[in-house]
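Trainee: I would like to see how this sequence folds:
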Amino acid sequence: MMGETDTISWLLPVRDGARWLGAAVASALAECGPGDEVIVVDDGSRDDPGAALPADPRLRLIRQPPLGIAPALERGRLEARGALLARLDADDVALPGRIAAQREALKDPRLAAVGGRARMIRDDGTVPTGMQAYVDWVNGLGDLHAALLVESPLFHPAVTLRASAVGAVGGWRDGDFPEDYDLWLRLAGAGWGLANVKREVVTLRDRDDRLTRADPRYRRAAFTALKRDWAAAHWLPAGARVCVWGAGKGGKPWIRDLLARGYEVSVVDIRHGGTRQGLPILPTEAVADLDVDYLIAAVGARGARAIIRERIAALRPGWIEGAHWRAVT
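Mentor: Down below sits the predicted model:
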């Protein structure tokens, strides 16, 4: 029997997405149970989202000026009555069984956010290779916390969240950074768990003007800045001894940042010899004997993380990924 703490409030921000909104809302309403609601926040649309919506007592339309996705989500969150917040974008579709699976996972009181696998489509052809690779990566993840500094391990429109946890960390923040990844990091930093259910829960629509492509807040540098600040605040104690595996394009900025923050840094790479930021580049075998506390694997070549994972297991068999070492980008 569903309890009061299981009620769902769907949050759907929309701007100029009326042509897709009806399908998105229908998919959310199909997942609604007693006491659930769907909140559509019109973020200053020039089309008419209201014309795409059915007459349904579970549905609420809130209008605001064009303030952006984070303020739209916050407006919806503050209006929401549910103990759980289910995200969906106006051009995506929730798949049957999503809420049942995520609600079951959220019975674990340690979890704040539960996503799931996605399928991605394009209206005008094939999903680009890079975007499909990211979808495949998230779909294949096991430990989201160990992957937290690689990329965002959750699809934002696939996530159902514990409303009290989101409120406790301050909700969605509006700034020069990706609002979803920022929220995942703050939840993890506050001790909350993140997870994905092992089923497809959403169909994502890729298009050239989606925020992840068109908005500068989603540029790589913005992600990287969040990662480095989070690592310093929640993973690497001040003055820790840190080994960076990778002296190339991926490792150089991390080496500079760690040194600037006062960490004791060593560097290893397959191409050893020479120096990086005045530090000798040691062979990777040196990891076995280096007097270090943590390791950052900053090699982004395809397949490199799996090889490094095997090498670390052999060189430092007591080390746990996500605790003693992390892959980063």
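
Trainee: pull the residues that contact the lowest-mean-pLDDT helix or strand in the chain.
Mentor: Confidence across the helices and strands of the chain bottoms out at helix 211-214, with a mean of 72, counting by mean pLDDT, DSSP states H and E. Contact with helix 211-214 is made by 69, 178, 208, 217-218, as judged by Cβ atoms under 8 Å, 6 or more residues apart in numbering. For glycine as for every other residue, the C-beta is placed from the backbone atoms N, C-alpha and C.

Trainee: restrict it to CA atoms and write it as PDB.
Mentor: What follows is helix 211-214 as a C-alpha-only set of coordinates in PDB (Å, rounded to 0.1, in the frame of the first residue of the first chain):
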ATOM      1  CA  LEU A 211      20.900  22.800 -23.600                       C
ATOM      2  CA  THR A 212      23.800  20.400 -23.300                       C
ATOM      3  CA  ARG A 213      24.900  21.400 -26.800                       C
ATOM      4  CA  ALA A 214      23.900  25.100 -27.000                       C
END
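
Trainee: buried stuff in it?
Mentor: Of the residues in helix 211-214, those with enough neighbours to count as buried (16 or more other Cβ atoms under 10 Å) are L211.

Trainee: what about that helix, distance to the chain center?
Mentor: In terms of Cα atoms, centre = their mean, to the nearest Å, the centre of helix 211-214 is found 15 Å from the chain centre.

Trainee: same check, this time on stretch 170-185
Mentor: Centroid displacement of stretch 170-185 relative to its chain, using Cα atoms, centre = their mean, is 10 Å.

Trainee: residues touching it, excluding its own?
Mentor: Taking contacts as Cβ under 8 Å, 6+ apart, the residues outside stretch 170-185 that touch it are 67-71, 73-74, 77, 113, 148, 152-154, 156, 159, 166, 169, 186, 194, 212, 216-218, 222-223, 225-227, 230.

Trainee: mind checking the end-to-end distance for that stretch?
Mentor: 12 Å (Cα to Cα, to the nearest Å).

Trainee: pLDDT of it, averaged?
Mentor: If you average the pLDDT over stretch 170-185, you get 97.

Trainee: mind checking the SS state of L11?
Mentor: strand (DSSP: H, G, I helix; E, B strand; the rest coil).

Trainee: pLDDT value on it, please?
Mentor: pLDDT at L11 comes out at 98.

Trainee: which residues sit in contact with it?
Mentor: Residues in contact with L11 (Cβ under 8 Å, 6+ apart) are 39, 41, 73, 76-77, 80, 85-88.

Trainee: A288 too?
Mentor: 315-316 are the contacts of A288 under Cβ under 8 Å, 6+ apart.
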